[in-house]
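Q: With the input below, show me the fold.
(one chain, ligands or ions: 1)
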Amino acid sequence: MGTIELVQGDITKIKADAIVNAANTSLMGGGGVDGAIHRAGGPEILEDCRKIVARQGGCKTGQAVITTGGKLPAKYVIHTVGPVYNSGKRGEDELLHSAYLNSLKLAAENDVHTIAFPNISTGIYHFPKDKAAAIAVKTVQDFLAHNDVVEKVIFVCFDDENFSLYQELLAQK
Ligand code: ADP
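A: Residues are numbered from 1 along each chain as shown. Here you go, the predicted model:
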């Protein structure tokens, strides 16, 4: 079974087969981790995104698409769209679960052995961090138990609060 690693820092620096971007439905870049990934990876990533948009018109919430990693140390970027958190009664939990799961499935389809995730939806999209961390960890653990392509998942936390939440969750077995 695959392993889970936890690090604190900037996901654009991570050497993995793929890093995941918390994108928006337009796939045309934005703030937060999305902006950082496009800045560090260069214009090739946006070129690939434009091709995807021409083909399928963006990316729906909970879905995922894959592009080159451009100049990043990672070979691919998997762009997924997490939900904007409103009341919590608009299917946000399920959509966040789908964002993680569809990213992992796309990774396996592309022979990705190591993949790094940011804390999707916990920035501008305001998903409560504790609930988001629990969904992320459970989705990844369940996936790793049933697949043999993805060998390592790295959770990359940017802020202290997310980092401690993941530390606590991953210490429980
Ligand atoms: P969303 O719109 O999905 O909420 P954000 O980019 O606003 O996306 O935030 C998602 C998470 O990514 C937040 O926890 C934020 O702290 C984190 N983040 C921002 N920049 C980086 C980075 N360079 N590397 C890793 N995580 C980052």
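Q: who's in contact with Ala132?
A: Ala132 makes contact with 96, 119-122, according to C-beta atoms under 8 Å, 6 or more residues apart in numbering. To be clear about C-beta, it is placed using only N, CA and C from the backbone, and glycine gets the same treatment.
Q: Out of these, give me the two with the largest separation.
A: Greatest spatial distance among the contacts of Ala132 (C-beta to C-beta): Leu96 and Asn119, at 10.4 Å.
Q: what sits in contact with each of these two?
A: With C-beta under 8 Å, 6+ apart, Leu96 and Asn119 have common neighbours 132, 136.
Q: tell me which element the residue nearest the centre of the chain is part of?
A: For the chain, the residue sitting closest to the mean C-alpha position, by C-alpha atoms, centre = their mean, is Val20 at 3.6 Å. According to DSSP states H and E, Val20 maps onto strand 18-22.
Q: Give the other helices and strands that that strand contacts.
A: helix 32-41, strand 76-80, strand 114-117 (3 or more C-beta pairs under 8 Å, 6 or more residues apart in numbering; DSSP states H and E).
Q: picking up where we left off before, from the contacts of Ala132, pick out the ones that also neighbour the ligand.
A: 119-122 (C-beta under 6 Å from any ligand atom).
Q: just to revisit the earlier point, going through the contacts of Ala132, which ones are buried?
A: With neighbours counted by 16 or more other C-beta atoms under 10 Å, the contacts of Ala132 contain buried members at 96, 119-122.
Q: hang on, Ile154 is in a helix, isn't it?
A: No: read with DSSP: H, G, I helix; E, B strand; the rest coil, Ile154 is strand and lies in no helix.
Q: Of the helices and strands packed on strand 18-22, which is nearest Gln63?
A: Closest among those, using C-beta to C-beta: strand 76-80, at 7.0 Å.
Q: Now the closest one - C-alpha only, CSV.
A: The C-alpha trace of strand 76-80 is given here as CSV (Å, rounded to 0.1, in the frame of the first residue of the first chain):
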residue,chain,number,x,y,z
TYR,A,76,2.5,17.1,-14.5
VAL,A,77,0.0,19.5,-12.9
ILE,A,78,-3.4,18.0,-12.1
HIS,A,79,-5.8,20.9,-12.0
THR,A,80,-8.9,20.2,-9.9
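Q: just how off-centre is it within its chain?
A: 7 Å (C-alpha atoms, centre = their mean, to the nearest Å).
Q: can you check stretch 131-145 too?
A: For stretch 131-145, the distance to the chain centre is 12 Å (C-alpha atoms, centre = their mean).
Q: That one near the ligand at all?
A: No: judged by C-beta under 6 Å from any ligand atom, stretch 131-145 and the ligand are separated, with a smallest distance of 8.6 Å.
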